[in-house]
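In: pasted the sequence and its predicted model underneath.
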Amino acid sequence: MRKILALTVLGCLLTGSGRAPAADKDEEVAILDKAIKAQGGAEALAKTAQLIRKGSGTLTLFDMDRAFTDELIVQRPDRLRLTLDVVGADKQKIRVVQVLNKDKGWEENGGVAMELSEARVSELKEEAHVQWVCLLLPLVQKDSPYQLATAKEIKVGDKAAAGVKASLKNHPDITLYFDKDSALLVKIERQAKEAGLELAKEYFFSDYKEVDGVKLPMHAVEKLNGKKFVELKVDSYKLLDKVDEAQFGKP
């Protein structure tokens with residue numbers, strides 16, 4: 001089974017922007033700062049560094065929708081554990097567990113756990129990097145390694161969205177779009193490589209709700225080359241002070 005992406009807006013340990021004062025900000029930094037404030041502020045976002053997110057939805061494979069439930073445990077920026085229960089064609093549940101622990105990764109499928117190849121670990125690390133970027137705080141911290149530029153305004157649904165492109169050496173560019181009314185993150189675009197294939201990925205976020213002082217999306221969709229791959233409805237978020245290290249070991 002191909003890699004399943006768990007979509008969520010996560011937090012980090014950064015506590016604020018170290019960029020220039022407001023009067024001297026570039027347009028892209030101003031867009032990001034407004035978005036951070038809309039989600040509850042830097043301090044609120046920082047609380048989401050470690051969390052558990054539970055959800056349910058549909059996974060589309062070979063033009064067929066499969067229902068699933070999942071649990072995602074994260075410790076930003078480079079550790080995650082996803083437990084996914086997918087309803088198969090025979091109505092039986094298939095459990096897949098994926099773990100990323102920095103430069104190592106494992107997958108358990110049908111009760112058998114295997115270490116992931118270097119290429120598959122790289123794919124998971126890129127997904128973790130996307131989630132790190134969509135936190136916004138890493139982009140505006142002092143001495144941030146990211147190069148920022150404004151992107152052409154688009155419409156997400158029927159609403160205008162302002163764009164910011166984030167570039168980092170050895171990573172594909174990531175373009176983030178923010179609703180011009182609410183300032184919340186509503187879309188991410190990037191190029192990706194999976195199983196040797198180049199793919200265009202789009203991530204859509206909506207239905208933001210406040211959780212312990214921070215606004216997080218309760219609905220997310222991922223598209224591959226313009227076709228829906230995952231649709232997720234978040235059932236709950238739980239922000240954590242710490243995560244048991246064993247969660248990021250071999251399943």
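Out: That came through fine.
In: helices along the protein, start to end?
Out: 27-38, 42-46, 118-133, 137-140 (DSSP state H).
In: and the last one, what does it pack onto?
Out: Helix 137-140 makes packing contacts with helix 27-38, helix 42-46 when contacts are defined by 3 or more CB pairs under 8 Å, 6 or more residues apart in numbering; DSSP states H and E. Quick note: C-beta positions are derived from backbone N, CA and C, even for glycine.
In: then the third one?
Out: Using 3+ CB pairs under 8 Å, 6+ apart as the contact criterion, the neighbours of helix 118-133 among helices and strands are strand 93-101, strand 104-109, strand 174-179, strand 185-194.
In: 7 Å - rerun?
Out: Packed against helix 118-133 by the contact rule (3 or more CB pairs under 7 Å, 6 or more residues apart in numbering; DSSP states H and E) you find strand 93-101, strand 104-109, strand 185-194.
In: which parts of the longest one are buried?
Out: Neighbour-count burial for strand 185-194, with 16 or more other CB atoms under 10 Å as criterion, is recorded at 185-190, 192.
In: the first one now?
Out: Buried residues in strand 93-101, defined by neighbour count with 16+ other CB under 10 Å: 94, 96-101.
In: pairing partners for it, with directions?
Out: Take DSSP bridges as the rule and strand 93-101 pairs in its sheet with strand 79-87 (antiparallel), strand 104-109 (antiparallel).
In: distance to residue 32, mean neighbour count and mean pLDDT added to those strands, as a markdown table?
Out: Output for these, formatted as a markdown table (distance: least, CB to CB, whole Å; neighbours: other CB atoms under 10 Å; pLDDT from 0 to 100):
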| stretch | distance to residue 32 | mean neighbour count | mean pLDDT |
| --- | --- | --- | --- |
| strand 79-87 | 24 | 19 | 95 |
| strand 104-109 | 30 | 18 | 96 |
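In: let's have those strands in CSV, adding distance to residue 165.
Out: Listed next are those as CSV, based on distance: least, CB to CB, whole Å:
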stretch, distance to residue 165
strand 79-87, 25
strand 104-109, 28
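In: indicate which one of these is closest to residue 228.
Out: strand 79-87 (15.8 Å; CB to CB).
In: and the closest one, how far from the chain's centre?
Out: 14 Å (CA atoms, centre = their mean, to the nearest Å).
In: next, the angle from that strand to helix 118-133.
Out: Strand 79-87 runs at 100 degrees relative to helix 118-133, counting by axes from the mean of the first three to the mean of the last three CA atoms, to 10 degrees.
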